[in-house]
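Trainee: Kindly generate the corresponding structure for this input.
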Amino acid sequence: FLWLWLCMPFLSRNIVSVQSRFGIRGSAGGSASSSAAGLAGARSSSSSSPRSLVVLRSSSSGSSPVSSVMAGSAMVSSGSKTQSWIDSFNDSYLTKHKSFEDNFWATKMNLANNSSEALANTKNELDEFLNAPATLEEARALMADPATSDEQKKILKCVERTLMCYIIEDEGAMNIKKQITTLEASLAAARNVMKLGYTAADGTFTPGSSVVLRNLMRTSDEESVRKAAYEGLRSIGPFVIENGFLDIIKQRNALAKQLGFVDYYDMKVTQAEGFDKKTLFGMLEDLEKQTKPIALDARKRLANEKGESALEPWNMGYAMA
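Mentor: Residues are numbered from 1 along each chain as shown. Just a heads-up that it's a prediction; the model follows:
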C-alpha cells in the first residue's frame, strides 16, 4: 500500500475525492480522473480532476452538518462576508462537479442516453470554474482579512491549493487541455462498448467484465480458464492504444511541457505532493531496494510450495488464495 500511495499521485492526500451531500464519488482523474480517475485513471480516466477534502458547513441547531466541497478541520460560523464567499464557492463547485460526475458515471457504466460530448462539456465547465485567477485573488484577499477566522483561513488555504492545481494562464496550454478532455471522453465511450470476456479452450467466447475476469483468475480451479481470463484482461491494453490512448499521452506531455514541467507525470506529482518526479523516484528506488529481497523470497517460497507454475500471472492469485 505504501508503494501504491507513492506511485499514484492522483491518490495523494492533497488532490481530490469529493463526498458531497449528493452522495457522489470523487473523480479522479483524470481523468480523472479520475479518479481517477483514472480520471484516472484514468479516473481514471480524467486527466486533471483534483480531490478535495471535506468542509463541514455550519448547520442549524439539532441537525447534522452537511458535507460540502473544500476542506476544514471544524465547522465555521456563518453570516460573515468570508463565510458567504465560502458557501457560494461550495455551492457552485457542487453543482458543476455533480453535473460532471453524473455524465462521468453514465458514460463509464454505459447507461442509456450517455454522451461523451456531454461528459467533455461538463468536464470543461468544471475546469474553467477552477481555472480562475480572479477567484484565487478573492480567496487570498479573504485570508488576509482580519475578520476571517482561523478555521475559515484553513478552508481558504485548501481552496487556494485546489485552484493552483487548475489555473492555467497560458492560452495555448488551455487549448491543449480541452483537446485532452475530448480525447479522454472519446476513449471512455469506445471502452464502454469493447467486447470484453474470455475464450475457452473449445473456442467458446464468454462475455465478462474486468471484475469477472479478475475473479476467475483468483477462483477458477481450471488453469485454462484462469489463463483465458488473463488474456482477456490483457486485451484492454491493445484496445485503448488503438483507440487514442497514445494521442492522450502525447497531448498530456505537451500540456506539461508548455507549463514548464518535464512531462505530465512530473506535473501531476508536483501538483499533488509539492515535489517533482525526480524526488519521488528517489524515494521509490530506496523502497524498491529495501523490499525487493522480501518479494523475491516470497516468490521462491510460493514456487517451492505450489510449483513453478504458481508464478505465472494467471496462477499467482489462485495459488495464494
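Trainee: Run through the helices of the stretch 151-300 of the chain in chain order.
Mentor: Listed from the start of the chain, the stretch 151-300 of the chain has helices (DSSP state H, counting those that start in this stretch) covering 171-192, 210-219, 223-234, 236-242, 245-258, 264-273, 277-306.
Trainee: Can you find the helix or strand in the chain with the smallest mean pLDDT?
Mentor: The weakest-scoring helix or strand in the chain, judged by mean pLDDT, DSSP states H and E, is strand 66-67 (a mean of 33).
Trainee: Next up, the contacts around L213.
Mentor: 196-198, 229-230, 232-233 (Cβ atoms under 8 Å, 6 or more residues apart in numbering). Heads up, the C-betas are built off the backbone N, CA and C, glycines and all.
Trainee: And L94, which helix or strand is it part of?
Mentor: Using DSSP states H and E, L94 sits within helix 81-108.
Trainee: Next, the buried residues of the helix or strand that that helix is followed by.
Mentor: Using DSSP H and E, the next helix or strand after helix 81-108 towards the C-terminus is helix 116-130. Across helix 116-130, burial judged by 16 or more other Cβ atoms under 10 Å covers 116, 118-124, 126-127, 129-130.
Trainee: Let me have these in a markdown table, extended by distance to D150.
Mentor: Shown next, in a markdown table, are the buried residues of helix 116-130 (distance: Cβ to Cβ, whole Å):
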| residue | distance to D150 |
| --- | --- |
| S116 | 44 |
| A118 | 41 |
| L119 | 39 |
| A120 | 40 |
| N121 | 39 |
| T122 | 35 |
| K123 | 34 |
| N124 | 36 |
| L126 | 29 |
| D127 | 31 |
| F129 | 27 |
| L130 | 25 |
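Trainee: Would you mind listing the two of those residues that lie farthest apart?
Mentor: Of all pairs drawn from the buried residues of helix 116-130, the one with the longest distance (Cβ to Cβ) is S116 and L130, at 21.5 Å.
Trainee: related to what we said a few turns ago, what angle do the helix holding L94 and helix 171-192 make?
Mentor: 40 degrees (axes from the mean of the first three to the mean of the last three Cα atoms, to 10 degrees).
Trainee: centre of the chain versus helix 81-108, how much separation?
Mentor: Between the centre of helix 81-108 and the centre of its chain there are 17 Å (Cα atoms, centre = their mean, to the nearest Å).
Trainee: For that helix, the averaged confidence score.
Mentor: The average of the pLDDT scores along helix 81-108 is 93.
Trainee: That helix relative to helix 116-130, how many degrees between them?
Mentor: Taking the same axes, to 10 degrees, one finds helix 81-108 and helix 116-130 inclined to each other by 160 degrees.
Trainee: who does helix 81-108 touch, helix- and strand-wise?
Mentor: Other helices and strands packing on helix 81-108, by 3 or more Cβ pairs under 8 Å, 6 or more residues apart in numbering; DSSP states H and E, are helix 116-130, helix 133-144, helix 150-164, helix 171-192.
Trainee: relative to helix 133-144, how tilted is that helix?
Mentor: 140 degrees.
Trainee: what comes up buried for helix 81-108?
Mentor: Under the neighbour-count criterion of 16+ other Cβ under 10 Å, helix 81-108 has 82-83, 85-87, 89-90, 93-94, 96-104, 106-108 buried.
Trainee: Flag the least confident of the buried residues of helix 116-130.
Mentor: S116 (84).
Trainee: Report the separation between it and N243.
Mentor: Counting by Cβ to Cβ, to the nearest Å, the gap from S116 to N243 is 12 Å.
Trainee: shared neighbours, those two?
Mentor: Residues touching both S116 and N243 (Cβ under 8 Å, 6+ apart) are S186.
Trainee: circling back to that earlier point, could the helices and strands packed on helix 81-108 go into TSV alongside distance to K250?
Mentor: Compiled in TSV, these are given as follows (distance: least, Cβ to Cβ, whole Å):
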stretch	distance to K250
helix 116-130	18
helix 133-144	28
helix 150-164	25
helix 171-192	10
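Trainee: which stretch among the ones you listed comes nearest E223?
Mentor: Among the helices and strands packed on helix 81-108, helix 171-192 sits nearest to E223 (Cβ to Cβ), with 28.3 Å.
Trainee: and the angle for that closest one with helix 264-273?
Mentor: 100 degrees.
Trainee: Who are the packing partners of helix 171-192?
Mentor: helix 81-108, helix 116-130, helix 236-242, helix 245-258.
Trainee: Put together JSON lines for those, with distance to K154 on each row.
Mentor: Shown next, in JSON lines, are the helices and strands packed on helix 171-192 (distance: least, Cβ to Cβ, whole Å):
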{"stretch": "helix 81-108", "distance to K154": "11"}
{"stretch": "helix 116-130", "distance to K154": "19"}
{"stretch": "helix 236-242", "distance to K154": "40"}
{"stretch": "helix 245-258", "distance to K154": "30"}
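Trainee: Out of these, flag the one nearest T219.
Mentor: helix 236-242 (20.3 Å).
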